[in-house]
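Q: Give me coordinates for this.
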Amino acid sequence: MRHARTTLTALHSTLAQHRSARREHLRLQRELAAYDTPSARADLNATVARHTPEQAEPVQRILTDLAYSRRR
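A: Below is the predicted model:
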């Protein structure tokens, strides 16, 4: 029974981490969507370009998704 409790506790913790990461992702997505003019996006791209590829990758992924959804 103790093993099951430990497993459930670990599962609960993992799910909580995923929910937290998802909320943060959605917050960032909303924030980045606010850059809705060409000049604002150019400023944002210049800012992102100053970071390492690892740091910039999550932002670049969201920006790509936003650009795709704007074209539809």
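Q: Quick check on Asp36: phi, psi?
A: Note on Asp36: backbone dihedrals following degrees, to the nearest 10 are phi -110, psi 10.
Q: How many residues are close by it?
A: Under the neighbour criterion other C-beta atoms under 10 Å, Asp36 is assigned a count of 10. Placement of C-beta: from N, CA and C, glycine included.
Q: just Leu63 next, same as before
A: 19.
Q: That one - nearest residue in space that isn't next to it in sequence?
A: Closest residue to Leu63 apart from its sequence neighbours, by C-beta to C-beta, 6 or more residues apart in numbering: Leu32 at 6.2 Å.
Q: what residues are up against that neighbour?
A: With contacts defined as C-beta atoms under 8 Å, 6 or more residues apart in numbering, the neighbours of Leu32 are Leu44, Val59, Ile62, Leu63, Leu66.
Q: Filter the residues you listed down to just the ones in helices.
A: Those of the contacts of Leu32 mapping onto helices are Leu44, Val59, Ile62, Leu63, Leu66, per DSSP state H.
Q: Closest one to His51 out of the contacts of Leu32, please.
A: Val59 (8.1 Å; C-beta to C-beta).
Q: which residues touch the closest residue to the closest one other than its chain neighbours?
A: Nearest non-adjacent residue to Val59, counting by C-beta to C-beta, 6+ apart: Val48, 5.3 Å away. Applying C-beta under 8 Å, 6+ apart, we find Val48 in contact with Ala56, Val59, Gln60, Leu63.
Q: of these, buried ones?
A: Neighbour-count burial (16 or more other C-beta atoms under 10 Å) is assigned, among the contacts of Val48, to Ala56, Val59, Leu63.
Q: Tabulate those residues in CSV, adding columns for pLDDT and distance to Gln17.
A: Formatted as CSV, those follow (pLDDT from 0 to 100; distance: C-beta to C-beta, whole Å):
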residue, pLDDT, distance to Gln17
Ala56, 96, 23
Val59, 95, 21
Leu63, 93, 25
